[in-house]
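Engineer: missing the sequence, but the structure's below:
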Ligand SMILES: NC(=O)C1=CN([C@@H]2O[C@H](COP(=O)(O)OP(=O)(O)OC[C@H]3O[C@@H](n4cnc5c(N)ncnc54)[C@H](O)[C@@H]3O)[C@@H](O)[C@H]2O)C=CC1
Ligand SMILES: CC(=O)C(=O)O
Ligand SMILES: [Mg+2]
């Protein structure tokens, strides 16, 4: 198959869809890979590095889109990219369609086959192509919170770990999945007082064992969320209902009962966010304030550490990408985990939670593929 890797164009997105190491794997399997010039600049990979791995370098994204049967990216296609996709072409990338009706319209209109990294599954009920970036974002969330807590940044002026004789920050993590666990690990490591809220009791049990008493766990109810959020210095939003818009767990009204200068890091912003007052921000200007509460809502947090993130992402996407490259759409039909990743096919939405969140018709895959 002919694969294409355009340079990412979202603000401060320095990751790349395929690293030179991954290109080598595709080429070794008999595929050809076209890479836009400078696509790897953010990870220090030159065009020559890609050529040495067996890729052909093209001068523009336009040539990459025009000559490829499958586009491999990182971030959701941007408006200038939707219009270059076509029927029969596969796009393999993050999509996060639920909160993004414009992108959904663009992809539907193109007729392309779009497989969302974030809804591909594994045999253990996990999301293997979301997990590595959730690990990164969870860890970064505590760094982001530490920066925003600084007084000059509008925060409470609190050091996360405190010092002997002065208490540390209280950090509340809503959603104890991959993001939540990695945020909690960093927070515990810095000496914070950490509470994790989740609606899954089995997950709370696992977390209790994992952290050996170093975090408090709470079942997610309206009361529990209110009580914890009102007493917090930092709240990390890390819930997910796969494919769907994030549930809004903290309302605007609640902000006035929070500590002035407290920080919200809404990692779930790529699914619309779990705070009513969240809106997406960029690494250029990551925070804003509402009712005295600092909000950090960057939708591509791992883009800030592209060297770590591109490698971690490529490790996870490689087996799925190789299956797609070998068999094309047939791989989606035969592999239940890739099938779970299919969001758009030939003008139809094939992921139920996405269609429901967008209020658009859902088509089962068999119907869309007929
Ligand atoms: N902003 C960014 O750059 C990035 C954002 N993300 C996003 O972070 C979010 C979380 O991702 P993961 O941790 O991988 O998901 P996950 O599926 O591993 O964990 C989600 C957790 O939320 C819990 N949950 C769901 N509804 C809840 C509720 N009402 N109350 C409490 N807990 C609830 C689930 O039980 C689960 O444990 C996703 O939206 C993901 O797309 C991930 C990576 C980067
Ligand atoms: C998951 C996601 O949206 C990201 O890594 O940017
Ligand atoms: Mg700002």
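Structural biologist: Arrived safely. All values reported here derive from a predicted model rather than from experimental measurement. Ligands and ions are numbered 1, 2, ... in the order given.
Engineer: now the residue in the chain that ligand 1 sits nearest to: how far from residue 131?
Structural biologist: As assessed by CB to the nearest ligand atom, ligand 1 sits closest to residue 177 within the chain, at 1.7 Å. For every residue, glycine as well, the C-beta is placed using N, CA and C. Counting by CB to CB, to the nearest Å, the gap from residue 177 to residue 131 is 9 Å.
Engineer: more neighbours, the two?
Structural biologist: Comparing residue 177 with residue 131 by other CB atoms under 10 Å, the one with more neighbours is residue 177, at 22 against 18.
Engineer: from memory the more buried one sits against residue 242, does it?
Structural biologist: No - look at residue 177 against residue 242 with CB atoms under 8 Å: they stay out of range, at 10.3 Å.
Engineer: which residue packs closest to residue 201, ignoring adjacent ones?
Structural biologist: Spatially, and ignoring its direct neighbours in sequence, residue 201 is nearest to residue 219 (6.6 Å; CB to CB, 6 or more residues apart in numbering).
Engineer: and the one you found, how far is that from ligand 2?
Structural biologist: Residue 219 sits 26 Å away from ligand 2, going by CB to the nearest ligand atom, to the nearest Å.
Engineer: tell me which residues touch residue 98, please.
Structural biologist: Residue 98 sits next to 243, 244, 245, 271, 272, 353, 354, 357, 358 when contact means CB atoms under 8 Å, 6 or more residues apart in numbering.
Engineer: and of the residues you listed, the nearest to residue 163?
Structural biologist: Distance to residue 163 across those (CB to CB) is lowest for residue 271, with 37.0 Å.
Engineer: please enumerate the strands of the stretch 101-250 of the chain.
Structural biologist: Secondary structure of the stretch 101-250 of the chain (DSSP state E, counting those that start in this stretch): strands at 113-116, 170-174, 193-198, 215-219, 234-237.
Engineer: now do the contacts for residue 87.
Structural biologist: 110, 111, 112, 346.
Engineer: let's go with 6 Å and repeat that
Structural biologist: residue 111 (CB atoms under 6 Å, 6 or more residues apart in numbering).
Engineer: with the one 5 residues further on instead?
Structural biologist: Counting by CB under 6 Å, 6+ apart, residue 92 touches 72, 115.
Engineer: could you rerun that using 8 Å?
Structural biologist: By CB under 8 Å, 6+ apart, the contact list for residue 92 reads 17, 70, 71, 72, 73, 115, 117, 317, 320, 321, 324.
Engineer: if we can go back for a sec, JSON lines for the strands of the stretch 101-250 of the chain, including mean neighbour count?
Structural biologist: Listed next are these as JSON lines, based on neighbours: other CB atoms under 10 Å:
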{"stretch": "strand 113-116", "mean neighbour count": "27"}
{"stretch": "strand 170-174", "mean neighbour count": "28"}
{"stretch": "strand 193-198", "mean neighbour count": "25"}
{"stretch": "strand 215-219", "mean neighbour count": "18"}
{"stretch": "strand 234-237", "mean neighbour count": "30"}
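Engineer: buried residues in stretch 3-22?
Structural biologist: For stretch 3-22, the neighbour count (16 or more other CB atoms under 10 Å) marks 3-8, 10-11, 13-20, 22 as buried.
Engineer: among the residues you listed, which lie within helices?
Structural biologist: The helices, defined by DSSP state H, take in 20, 22 from those.
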